[in-house]
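Chemist: need a structure here:
(one chain, ligands or ions: 1)
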Amino acid sequence: MHVDSTLASLPAAEGDGRPVEIRIEGLHKTYKTERGSVEALSNINLEIRRREFVSLIGRSGCGKTTLLRIMAGLVAPTAGQVEIGDKSLWHNGTVDSSVIKRLGVVFQDANLFPWYSIEENIALPLKLRGVKKRERLERAGELAELVGLDKFLRSYPRELSGGMRQRAAIARALSDNPELLLMDEPFGALDALTREKMNLEIQRIALATQATVVFVTHDIEEAVFLGDRVVHLTPRPGRIKDIADVPLARPRAVEVQTGKEFNTVVAELRASLNQEDEQ
Ligand SMILES: Nc1ncnc2c1ncn2[C@@H]1O[C@H](COP(=O)(O)OP(=O)(O)OP(=O)(O)O)[C@@H](O)[C@H]1O
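Modeler: The predicted structure follows:
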């Protein structure tokens, strides 16, 4: 396991010529509440390369969602920088909207609009951007096919299962061709079998779209199955405790989870997380 709490460089992808897509430097976040301050993140430094898939794990409350929301332009950092491409996302608490356009975000709850069809939900970001109807419906059709919902374009969210709704949310996040996909426990509410299927789907979609992905999860196996690297945050305030490289070729089949390499990484991460209980 690669351990570097100051600057988490990228041993796995180093030298492969891929540019850095995300550079996080000296990031801190303290929430101010009526009951006092909550230090959620402390001195996060991380570089992520283009097309890399990075999983983010850590105990509940360690700041995973906070970090993802800062990267999504939804929560302002207290200090530090987030660069996406070669542009700063945050300027004195204000977000650069030209950078936001490059992002797609998926949350645990699919957050579809119940009165819109799946097709309309998927195409919504394009509608908001003023893309013509024909073009956006064509794009919705392509994306529905990508996520396996092409037969459900005219259906409404209530007619779909949880996994299907999440696929629609992923399609919507992909509608504007994001270079970077930020996912916060997108499969947390799904049953184990659906989740396994969705893990295969998201791997396929990430490969097909060549998006860079940051994926928050509680689940160590899911983090390792999906990630090129797994970033482990300490309990609050979240700091990078260690970063595990996952030396498994893609596309990965479910069966890799019975292999030695997979289980070695899982065991190391589990030991590192369990250590936190003893401290
Ligand atoms: N808006 C907020 N105001 C005040 N405190 C907050 C706010 N959002 C998060 N926090 C606090 O910041 C810390 C980090 O929360 P965050 O949701 O980022 O953690 P997490 O690792 O994603 O947790 P979980 O795994 O349970 O979803 C927690 O102590 C939480 O209570």
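
Chemist: Kindly give the local confidence score, pLDDT, for the residue nearest to residue 124 when sequence neighbours are not counted.
Modeler: Excluding the flanking residues, the one nearest residue 124 by Cβ to Cβ, 6 or more residues apart in numbering is residue 172, at 6.3 Å. The C-beta positions use only the backbone N, C-alpha and C, and glycine is treated the same way. At residue 172, the model reports a pLDDT of 93.

Chemist: The one 5 residues further on now?
Modeler: The predicted local distance difference test score for residue 177 is 84.

Chemist: Just give the nearest non-adjacent residue to it, would you?
Modeler: Here the residue nearest residue 177, using Cβ to Cβ, 6+ apart, is residue 209, at 7.8 Å.

Chemist: picking up where we left off before, the residue nearest to residue 124 and residue 119 touch, don't they?
Modeler: No. In terms of Cβ atoms under 8 Å, residue 172 does not count as a neighbour of residue 119; the distance is 10.5 Å.

Chemist: Compare the two (neighbour count), which wins?
Modeler: residue 172 (27 against 22; other Cβ atoms under 10 Å).

Chemist: Okay, and residue 265 sits in which element?
Modeler: If you go by DSSP states H and E, residue 265 is part of helix 260-278.

Chemist: right, I mislabeled it, should have said residue 204
Modeler: Secondary structure from DSSP H and E places residue 204 in helix 192-209.

Chemist: Just the helices from this protein, written as ranges.
Modeler: Counting by DSSP state H, the chain has helices at residues 64-71, 97-100, 118-128, 133-146, 162-174, 192-209, 220-226, 260-278.

Chemist: Mind putting these into TSV with distance to the ligand?
Modeler: Below are these laid out as TSV (distance: least, Cβ to the nearest ligand atom, whole Å):
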stretch	distance to the ligand
helix 64-71	3
helix 97-100	20
helix 118-128	24
helix 133-146	28
helix 162-174	17
helix 192-209	16
helix 220-226	12
helix 260-278	12
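
Chemist: Any idea which of these gets closest to residue 55?
Modeler: helix 220-226 (3.6 Å; Cβ to Cβ).

Chemist: one step back: buried ones in the helix holding residue 265?
Modeler: Within helix 260-278, the residues that count as buried by 16 or more other Cβ atoms under 10 Å are 262, 265, 266, 268, 269, 272, 273.

Chemist: Centre of the chain to it, how far?
Modeler: Here helix 260-278 is found 21 Å from its chain centre; the criterion is Cα atoms, centre = their mean, to the nearest Å.

Chemist: Residues touching it, excluding its own?
Modeler: 1, 57-59, 220-221, 223-225, 230, 232, 234-235, 241-242, 244-248, 256-257 (Cβ atoms under 8 Å, 6 or more residues apart in numbering).

Chemist: quick one: average confidence on it?
Modeler: Averaged over helix 260-278, pLDDT sits at 91.

Chemist: How about the contacts made by residue 109?
Modeler: The neighbours of residue 109, taking Cβ under 8 Å, 6+ apart as the test, are residue 189.

Chemist: What helices and strands are in contact with the helix holding residue 204?
Modeler: Contact analysis of helix 192-209 by 3 or more Cβ pairs under 8 Å, 6 or more residues apart in numbering; DSSP states H and E lists helix 133-146, helix 162-174, strand 180-184, strand 212-216, helix 220-226 as its packing neighbours.

Chemist: Adjacent strands (with direction) for the third one?
Modeler: Spelled out, that is strand 180-184. Using DSSP bridges, the strands paired with strand 180-184 in its sheet are strand 103-106 (parallel), strand 212-216 (parallel).

Chemist: got a markdown table for those strands, with mean pLDDT, mean neighbour count and distance to residue 186 too?
Modeler: Output for these, formatted as a markdown table (pLDDT from 0 to 100; neighbours: other Cβ atoms under 10 Å; distance: least, Cβ to Cβ, whole Å):
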| stretch | mean pLDDT | mean neighbour count | distance to residue 186 |
| --- | --- | --- | --- |
| strand 103-106 | 91 | 23 | 5 |
| strand 212-216 | 96 | 26 | 8 |
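
Chemist: closest to the ligand out of these?
Modeler: Ranking these by proximity to the ligand (Cβ to the nearest ligand atom) places strand 212-216 first, at 6.6 Å.
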